[in-house]
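Trainee: Structure of the sequence below:
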Amino acid sequence: MAALRLCSCFWLLLCVHVRHATAVSFDHVYFSSGDFRAEDDAKIIDGRIDLLGDKNFAGCRARGRALYKPAVQLWEGATGEVASFTATFNFTIQSLPLDGRRAPPGHGMAFFIAPYMPEMPQESYEGCLGLFDETANLTNASGSARFVAVEFDTHRDPWDPSSRHIGIDVNNIDSRGNFRILPDTSLVDAGVMSSTVKYDSATTRLDVFLSVGGTTYKLSATIDLRSLLPDQVSIGFSAATGAAFGSNHTVLSCSFQSTLPTRNGTAPPSTWSTKLSAGGAAAAFLVLLLGVAVAVLLRRASRRNRQPDDKDMLAGDMTPDSLDIDDDEFGSSAGPRPIPYANLAAATRNFAEEGKLGQGGSGSVYRGHMKELGGRDVAIKVFSRGASSEGRKEYRYQIILGLASAVLYLHQEWDQCVVHGDIKPSNIMLDESFNTKLGDFGLSRLIDHGMSLQTMSGMAGTPGYLDPECVITGKASTESDMYSFGVTLLEIVCGRRPMAPPRDGAKDGQVFRLLEWAWDLYGRGAAIDAADERLGGVFDRWEVERVVAVGLWAAHPDPKMRPAIRQAAEALQSRKFRMPVLPPKMPVAVYLQPFAASTMEYSDTTTTVGSSTGRTTTTQSSNTSMPAAVSEELV
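Mentor: Okay, here's the model as predicted:
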């Protein structure tokens, strides 16, 4: 203990000499006026930001902005360091009625960076998106009016490339070549959309990702933010519309992480103080190393001179510190060694009840007399199978969140989109801390962001997890990955395989299908009954119901109704996420078959679609939820 105290003192000394700062980071799924400032027509209502507030009805010119109140440090004048950052937000743009019809949507919204607490430009309605004064005749903004923005444009103005596009604006509402044209059906009435804006200060590269439905679009530009904006900036959202147009522009959630801490009005350190701090830090580091060396020597000396006290062992006070067990000593004469179960049973008289010292949630502790240890009395703990549901109860949800994070990286956060092709529980691996690792990329494919489908010569997957549409179309996509992701979620929470033979005594004799079974429970308002029986009713009710709902959403028979992985991940992470209402009955999907024949070749783990000379199986199904052309047979 003295050694540990000594080491702690040296660590404290180091902390005194080295100044620590925390980078800017926040995650809001429920907005409040304490964190964001609404300007002009913008309102914060029920935890969301309505950028056009009370004037968001058609026929009224409106504009609004919402700014994060604290300043964000964009670059540091003393060191020249520029921040890298990532902003992620969910939002919707909805059209509004006007005179009994739908008003033309307009004009759009933006995520922007500007000098700290900028003023709203006077004439920034319509296509100026609350960012730019239209009386400036499209010249570059200067001074406090400067900005860098990512726009989501829904109306074609004279300077716009199309009526639907995303663009990167620099001190001007004209994207000037930094734009990505989107389909006419995107952005407006497209449901909840997700966007990520990343800036890498090392390369001065700004990347924008937009997920609409199951499709992700990417836009990139090289921008030196330090040369464009001051050291401290504001981040926020803006929107505007005109009198003949009508749209709701709503921000549902937002997260932001920056690598550069924000200064709290302190002056830059002088050269002398900087050198003094550096010298002090170096000295403290050397002292820390010396302290660690002394602590190691003291610990080794105490191990030689001390043996565990028998009374402490009998009382169950057998901690790693008291036993001094090192991994590298396992199997040696000085360290722990394996003892056969028969010897343990003999030492406790077959775990006699009268020798029980105590019982906990994971098992019981017994008194034992070990001849192998020189006739010493010891305490032996027996872990009971099924007596504790810690693994199932505490780690399943973390495994699910880890899986969602892995798929999110593959689909949206890497340079190219990776379609895994075979997401299932047997491809999920856990490390010693139960962190989720997704493996087996033998069927994966690389596609560009924004491409929704890719034809493959030999589509493969696992029956039950494979999207039925893939069997018919022979095409893989992020949507097909989402189907597999949804089925995997259902299997984890329900403890049942996607397909199973009919149970003995089943009246209809039909194959059990997990998706249909879970959807039926959900439709009857009994999603909680889908929980794995082995949990014994010990679980978080919200987590079970949310995993079932997200699993069904992701495995929706209609690929267009499935969420993007970012939406699914946020639905799993946030209790305030607004889930869509799924139909009470599982929809029946109809797929168009692009080629004359499709056969399925089965192996123990995967299914191959296409022409094959191997063993094939063609099935017919009486289940109306799955057409015969895409039905799967158990092997």
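Trainee: How far does the strand or helix carrying residue 521 sit from its chain's centre?
Mentor: Using DSSP states H and E, residue 521 maps to helix 514-523. Put simply, helix 514-523 sits 25 Å off its chain's centre (CA atoms, centre = their mean, to the nearest Å).
Trainee: Likewise for stretch 521-535?
Mentor: Counting by CA atoms, centre = their mean, stretch 521-535 comes out at 25 Å from the chain centroid.
Trainee: Buried residues, that stretch. List them.
Mentor: By neighbour count on 16 or more other CB atoms under 10 Å, the buried set for stretch 521-535 is 521-522, 527, 530-532. (C-beta placed from N, C-alpha, C; glycine too.)
Trainee: circling back: identify each buried residue in the helix holding residue 521, please.
Mentor: Residues of helix 514-523 classed as buried: 514-515, 517-519, 521-522 (neighbour count, 16+ other CB under 10 Å).
Trainee: what bits of the stretch 101-250 of the chain have low per-residue confidence?
Mentor: 101-102, 136-139, 176, 244 (pLDDT under 70).
Trainee: can you give me the strands in it?
Mentor: Under the criterion DSSP state E, counting those that start in this stretch, strands of the stretch 101-250 of the chain are mapped to 101-102, 108-115, 148-153, 165-170, 179-181, 193-200, 205-212, 215-222, 232-241, 247-261.
Trainee: returning to that earlier point: now do the helix holding residue 521: which elements does it pack against?
Mentor: For helix 514-523, the elements it packs on are helix 478-494, helix 541-554, judged by 3 or more CB pairs under 8 Å, 6 or more residues apart in numbering; DSSP states H and E.
Trainee: Between the buried residues of helix 514-523, which sits nearest residue 115?
Mentor: Ranked by distance to residue 115 (CB to CB), these are led by residue 522 at 49.7 Å.
Trainee: right, and that closest one touches residue 550 too?
Mentor: No: using CB atoms under 8 Å, residue 522 makes no contact with residue 550, being 11.1 Å away.
Trainee: How about residue 86: which residues does it bridge to?
Mentor: Counting by DSSP bridges, residue 86 is bridged to residue 198, residue 257.
Trainee: Hmm, I typed the wrong one, I wanted residue 49.
Mentor: Using DSSP bridges, the bridge partners assigned to residue 49 are residue 44, residue 251.
Trainee: and it, how many neighbours?
Mentor: Residue 49: 27 surrounding residues under other CB atoms under 10 Å.
Trainee: what's the answer for the one 3 residues further on, then?
Mentor: Burial measure for residue 52: 27 neighbouring residues, criterion other CB under 10 Å.
Trainee: list the contacts for it?
Mentor: By CB atoms under 8 Å, 6 or more residues apart in numbering, the residues touching residue 52 are 41-42, 62-64, 239-241, 247-249.
Trainee: ok, now with 10 Å
Mentor: 40-43, 60-64, 96, 109, 130, 239-241, 246-250 (CB atoms under 10 Å, 6 or more residues apart in numbering).
Trainee: and what of residue 222?
Mentor: Contacts of residue 222 (CB under 10 Å, 6+ apart): 178, 203-206.
Trainee: picking up where we left off before, figure out which of the strands of the stretch 101-250 of the chain is closest to residue 560.
Mentor: Taking CB to CB, strand 215-222 is the member of the strands of the stretch 101-250 of the chain nearest to residue 560, at 9.9 Å.
Trainee: and the angle from that closest one to helix 478-494?
Mentor: Angle between the axes of strand 215-222 and helix 478-494 is 120 degrees (criterion: axes from the mean of the first three to the mean of the last three CA atoms, to 10 degrees).
Trainee: any idea which helix or strand carries the most centrally placed residue in the chain?
Mentor: Nearest to the geometric centre of the chain sits residue 405, at 4.0 Å (CA atoms, centre = their mean). Residue 405 belongs to helix 390-408 when assigned by DSSP H and E.
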